[in-house]
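mind folding the following:
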Amino acid sequence: QIMKLEVCSYSGYKVYPGHGKRAIRGDGRQFYFLSSKCERSHYLKRNPREINWTVLYRRKYRKGAVEELAKKRTKKVTKTARAFAGASLSEIMAKRSQNPEVRKAMREQAMRAIKDKQKAKEAEKRAKKAELKKKQAKPAQQQQQKAAKKVSKPAQKGGKRF
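Numbering: from 1, shown residues only. Predicted coordinates:
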């Protein structure tokens, strides 16, 4: 014999023979309820999607769907070396295979070269500033001398003396 299982109209759980209650509305629609709790909730017009223990709620919020997640696999990321602007692949691989000490020495040498270049620039700037100051100082001295000459006129001759 085959057992006829019904599904609860409210909770979504199976209703086994000899359990639950069947209700028929005036328009002829049939409802199966697993328990009085389901029946009462249905007649109080509670939304089964907002009641935590119903199947509809669990479907809506994807509860118990852990098995599906386990089946999904993410692609493994594979690293590949590629050339980019300013460095070919062979140069990159040569640097990668170099000794760390050699690499460190090369870096220090490059840093020293950059610092020497900066010092040379600063020295050049200072020299230019000094030249500009000398050029500006000469005309100023000449003007002071001219002013001194103008001031050094002899005192007034004659007139009243106080």
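
quick check: next helix or strand after the lowest-mean-pLDDT helix or strand in the chain?
Scoring the helices and strands of the chain by mean pLDDT, DSSP states H and E places helix 66-71 at the bottom, with a mean of 62. Per DSSP states H and E, the first helix or strand lying C-terminal to helix 66-71 is helix 89-97.

mean confidence score for that following helix?
Per-residue pLDDT over helix 89-97 has a mean of 84.

can you give the distance from the next helix or strand after it to the centre of its chain?
Sequence order places helix 100-151 as the next helix or strand after helix 89-97, per DSSP H and E. From the chain centre to the centre of helix 100-151 is a distance of 44 Å (C-alpha atoms, centre = their mean, to the nearest Å).

and the angle for helix 100-151 with helix 89-97?
100 degrees (axes from the mean of the first three to the mean of the last three C-alpha atoms, to 10 degrees).

and helix 100-151, what's its mean pLDDT?
What helix 100-151 shows for mean pLDDT is 85.

please apply the same query to stretch 7-22.
Here the average pLDDT along stretch 7-22 is 95.

end to end, how far does it reach?
11 Å (C-alpha to C-alpha, to the nearest Å).

same question for stretch 7-16.
Using C-alpha to C-alpha, the end-to-end distance of stretch 7-16 comes to 9 Å.

residues making contact with that stretch?
Residues from elsewhere that reach stretch 7-16, judged by C-beta atoms under 8 Å, 6 or more residues apart in numbering: 3, 5-6, 20, 31-34, 38-39, 41-42, 48, 53-56. No exception for glycine: its C-beta is placed from N, CA and C like everyone else's.
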